[in-house]
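A.B. asks: Provided below are the primary sequence and the corresponding predicted coordinates.
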Amino acid sequence: MALLGDYLRRIRTDLGLSMHEVARRTTLTPSYISKMESGNTFQTISAHGLIEFSKCYNMPASVMLEKAGFTPESEDDLPGLSSYLRLKYKAPQQAVQEMEIAWSIIKQKYQVGS
């Protein structure tokens, strides 16, 4: 759980979110978020908690399950384009939407897989 906690904290801080902002965007409490990020309080994460973090951080739940050690790592389980742009470049929402439109045009034109 320590690996997952570190991962959750890194995503939250990379997105520039406080624990209170994550709590506001989800049904989780700041206390629960803090405990999850510390990685020492819980032995596992509930499906509800995993889904809430996943939706808030716009990350696939499968990536979070992998970080929690519930599934084997896979090179093919990369974050989606919008998640990557937000995390890596701190791209604003409008830029992310424009990039997704451009990517859908490129995929259609060149028949590129998802």
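C.D. replies: Ah, there it is.
A.B. asks: From here on, just use CA atoms for contacts and neighbour counts.
C.D. replies: Will do.
A.B. asks: So for the biggest helix by length in the chain, what gets flagged as buried?
C.D. replies: Criterion DSSP state H: the longest helix present in the chain is helix 93-110. Neighbour counts over helix 93-110 (16 or more other Cα atoms under 10 Å) mark V96 as buried.
A.B. asks: Does anything pack onto that helix? Which helices or strands?
C.D. replies: If contacts are counted by 3 or more Cα pairs under 8 Å, 6 or more residues apart in numbering; DSSP states H and E, helix 93-110 sits against helix 81-89.
A.B. asks: Tell me how far the helix it packs on lies from the chain's centre.
C.D. replies: Centroid separation for helix 81-89 versus its chain: 10 Å, with Cα atoms, centre = their mean, to the nearest Å.
A.B. asks: what comes up buried for that helix?
C.D. replies: Buried residues in helix 81-89, counted by 16+ other Cα under 10 Å: S82, S83, Y84, L85, R86, L87.
A.B. asks: which residues touch it?
C.D. replies: The contact list for helix 81-89, computed with Cα atoms under 8 Å, 6 or more residues apart in numbering, reads I11, D14, L15, Y57, N58, M59, A91, P92, V96, Q97, E100.
A.B. asks: which residues touch the second one?
C.D. replies: It refers to D14. L87, K90.
A.B. asks: let's have the chain start at 36 instead
C.D. replies: All right, first residue 36 from here; so that's D49.
A.B. asks: What mean pLDDT does stretch 56-68 get?
C.D. replies: Stretch 56-68 carries an average pLDDT of 95.
A.B. asks: which residues touch it?
C.D. replies: Applying Cα under 8 Å, 6+ apart, the external contacts of stretch 56-68 come out as R47, M54, H55, G84, E87, F88, C91.
A.B. asks: Please indicate which of those are buried?
C.D. replies: Looks like the contacts of stretch 56-68 have R47, M54, E87, F88 buried, using 16+ other Cα under 10 Å.
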